[in-house]
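**Student:** no sequence on this one, just coordinates:
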């Protein structure tokens, strides 16, 4: 039986344990997520994405410190989707903990895909929801910016920061083309380094060409110039982030984004439930027999689906 | 009405048109894939993945030429999953076409995620199936190696090549940790460049540490050293690829892989069909009313699913 009290009061060990359960898709996690759902929807979810070498982690570190100085509580989820089997992203915790450990208003968690049985985007959303219920005012989700799963993760945020840096080379620049379009705030980090001027011009040009795919056409993504390792530009970046939140709330886009997310989640759950129900109703070996026929090319996949659904209908 | 004849004889314009239909998930594509299914299962599917800068495209180009010299027909699908909205990967076509155009035994196609309505991995699998039915003996699927979707694409291949190169820096190395584990053949390209010796040692060490997650524990991934721009090492690489195919067939793993893929596909189709059937049976506005309650936190997602499924049951 799940007791929500320690989570709702942000008790750290209870939080850490529950997140592990969420990663492992346990029945307790399902129960907890259902019970906590009524307490969610308040946190500002901030996605931070960017290629390796842009200094995302330092930036998130500084942003967290700035938010703490402003009296806000912050949870950070660092996601490494590039290691599907062996895990990764464990280094980050320790480096950050040096600056932020001992502060009860900060909670940091690393996740690799290994633990994400239901898919990394789904698990990340569930973990963010737990942290939301625990009362953290800002939940920052940091991912490496390349590939669809990272885009999915960024999409679940209210405010997405895309972090760039000068001098990462042309091929890496190419990688970012799609990522740029999901940015609510662009960050040019390491903006004191050679090539910063050129990178800034390139970003401005990309923004002019790029079309927003979000619901909020009225928001023009600003560009923050930072040097995270020295804490420079962080205050300005935080102003942009807060301006975006104000805009989302005033325009009603906040509600739209949330409805879209809930709709996607509901549909996914319906698919899963319908499928498990079907499998339970089929006779033993029936799925396997259809697979035999498929593999022998005696039927095609569309016909295989028809056969299984018809036998379910008639078997009721 | 779909006419399979031009596809089965490998007529290029018919192929190009059908692949566009497959990318756009049209009803004709569904019909065509069902009709062509009986003619699939013969091609050797080769996945090629690796970080930007490893020279994947040149390598695929040389591999294609070597296969052509051995009298085999080759289709290449170049996938760029890093540009989810605006497309990409169109450059590749033209560069390659210079060497290989006019050869009826080669077919090259680039795909970006934009056209992939049903998900890039699914679309890529369907395109590979069309090319398989068209009689190409080898179908090479090339993807950028980072992120889950690329891993999914590599997984659908019989033989997966992971391409590395010396001197890509530590952070990029880190990216590859998970990718290494899906390799059936490792390729150290640009092996004449500084740092090649160290990269080779690192690859050997990774192979010793890494555990295979594939069904074929008996296969030890060899390391091919190539300089694709000069055609060096390609013959040896092709020997490794062919040895892996021989191994797959002799061990029965070829059949196991195919069954696993067909099972995944069947389950996905069942989920989709069950979901559409549910949506059709619900009353107008019913889904929206449940979403309202979810958004107001009056019910949780589990309860929302229960409510919708119960109303479907009682409405029958």
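**Tutor:** Thanks, I have it. Computed from a predicted structure; not experimentally measured.

**Student:** Can you show me the strands along chain A?
**Tutor:** For chain A, applying DSSP state E gives strands covering A:44-50, A:74-80, A:106-112, A:138-144, A:159-164, A:185-188, A:223-225.

**Student:** tell me the angle of the third one relative to strand A:74-80?
**Tutor:** Using axes from the mean of the first three to the mean of the last three C-alpha atoms, to 10 degrees, the direction of strand A:106-112 lies 10 degrees away from that of strand A:74-80.

**Student:** just the fourth one next, same as before
**Tutor:** Strand A:138-144 and strand A:74-80 meet at an angle of 20 degrees, taking the same axes, to 10 degrees as the criterion.

**Student:** which regions of the stretch 101-250 of chain A lie under the pLDDT threshold?
**Tutor:** Counting by pLDDT under 70, the low-confidence segments of the stretch 101-250 of chain A come to A:101, A:112-119, A:145-151, A:169-180, A:209-217.

**Student:** One more pass at 90, please.
**Tutor:** Filtered on pLDDT under 90, the stretch 101-250 of chain A yields the residue ranges A:101-104, A:109-124, A:143-156, A:162, A:164, A:167-183, A:198-199, A:201-220.

**Student:** Would you map the helices across it?
**Tutor:** For the stretch 101-250 of chain A, the helices defined by DSSP state H, counting those that start in this stretch cover A:120-133, A:148-155, A:170-175, A:177-180, A:196-209, A:234-251.

**Student:** for the first one, packing partners?
**Tutor:** Put plainly, it is helix A:120-133. Applying 3 or more C-beta pairs under 8 Å, 6 or more residues apart in numbering or on different chains; DSSP states H and E, we find helix A:120-133 packed against helix A:5-8, helix A:12-23, helix A:27-36, strand A:74-80, strand A:106-112, strand A:138-144, helix A:148-155, helix A:253-281. To be clear about C-beta, it is placed using only N, CA and C from the backbone, and glycine gets the same treatment.

**Student:** Quick one, which of the strands of chain A gets closest to chain B.
**Tutor:** Chain B lies closest to strand A:138-144 among these, at 7.6 Å (C-beta to the nearest C-beta).

**Student:** May I have the strands that pair with the closest one, each with its orientation?
**Tutor:** Strand A:138-144 sits in its sheet next to strand A:44-50 (parallel), strand A:74-80 (parallel), going by DSSP bridges.

**Student:** Same list (those) but as JSON lines, adding mean neighbour count and mean pLDDT.
**Tutor:** As requested, the strands paired with strand A:138-144 are arranged in JSON lines below (neighbours: other C-beta atoms under 10 Å in any protein chain shown; pLDDT from 0 to 100):
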{"stretch": "strand A:44-50", "mean neighbour count": "26", "mean pLDDT": "92"}
{"stretch": "strand A:74-80", "mean neighbour count": "26", "mean pLDDT": "89"}
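
**Student:** Let me know which of the ones you listed is the nearest to residue A:23.
**Tutor:** strand A:74-80 (11.1 Å; C-beta to C-beta).

**Student:** now the closest one against helix A:120-133, angle please.
**Tutor:** Using the same axes, to 10 degrees: strand A:74-80 against helix A:120-133 is 170 degrees.

**Student:** What does the nearest residue to residue A:225 once chain neighbours are set aside show for phi and psi?
**Tutor:** Leaving aside its sequence neighbours, residue A:225 sits nearest to residue A:191 (C-beta to C-beta, 6 or more residues apart in numbering or on different chains; 4.0 Å). Torsion angles at residue A:191 (phi, psi; degrees, to the nearest 10) stand at phi -80, psi 0.

**Student:** neighbours around residue A:191, how many?
**Tutor:** 21 (other C-beta atoms under 10 Å in any protein chain shown).

**Student:** What residues does the nearest residue to residue A:43 once chain neighbours are set aside make contact with?
**Tutor:** Leaving aside its chain neighbours, residue A:43 sits nearest to residue A:132 (3.9 Å; criterion: C-beta to C-beta, 6+ apart). Taking C-beta atoms under 8 Å, 6 or more residues apart in numbering or on different chains, we find residue A:132 in contact with A:39-43, A:45, A:139.

**Student:** Look up how far residue A:31 lies from residue A:132.
**Tutor:** Using C-beta to C-beta, to the nearest Å, residue A:132 is found at 17 Å from residue A:31.

**Student:** next one: residue A:37
**Tutor:** Distance from residue A:37 to residue A:31, by C-beta to C-beta: 11 Å.

**Student:** Compare these two (neighbour count), which wins?
**Tutor:** Just comparing residue A:37 and residue A:31: by other C-beta under 10 Å the higher neighbour count belongs to residue A:37, 20 against 15.

**Student:** ok, the more buried one - contacts?
**Tutor:** Residues near residue A:37 by C-beta under 8 Å, 6+ apart: A:129, A:133, B:297, B:300-301.

**Student:** Residue A:235: neighbouring residues, count only.
**Tutor:** Neighbours of residue A:235 (other C-beta under 10 Å): 14.

**Student:** any idea how far it is from residue A:246?
**Tutor:** 17 Å.

**Student:** Also residue A:219?
**Tutor:** 11 Å.
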